[in-house]
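Enquirer: Generate a structure from the sequence data that follows.
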Amino acid sequence: MLIPLSLMLLAFAIGAFVWAVRKGQFDDMDTPALDILSEDEPGDRAVVAKAEAVNGEGGARAD
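Expert: Numbers count the residues shown, from 1 in each chain. The predicted structure follows:
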């Protein structure tokens, strides 16, 4: 019973790995590690966009 279960788990793991490779999950291994060092905070853009929306700035302008 354990051998067939182990083989099914192995097949699932290999399938997940093949899927990840085909979807490009391993294409860029360096940038995600360097993103933590960037000056831009991911939340800053959302805060600025919300402030502009509240103040009426940004978005479509009627000229």
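Enquirer: Centre-most residue in this structure?
Expert: For the chain, the residue nearest the mean C-alpha position is residue 32 (9.2 Å; CA atoms, centre = their mean).
Enquirer: That residue: which element?
Expert: helix 31-35 (DSSP states H and E).
Enquirer: distance between that helix and the chain's centre?
Expert: Taking CA atoms, centre = their mean, to the nearest Å, one finds helix 31-35 lying 12 Å from the centre of the chain it belongs to.
Enquirer: same question, stretch 17-36
Expert: With CA atoms, centre = their mean as the basis, stretch 17-36 stands 10 Å off its chain's centre.
Enquirer: how long is that stretch from one end to the other?
Expert: The straight-line separation of the ends of stretch 17-36 (CA to CA, to the nearest Å) is 26 Å.
Enquirer: likewise stretch 24-34?
Expert: 18 Å.
Enquirer: what is the mean pLDDT for it?
Expert: In this model, stretch 24-34 carries a mean pLDDT of 85.
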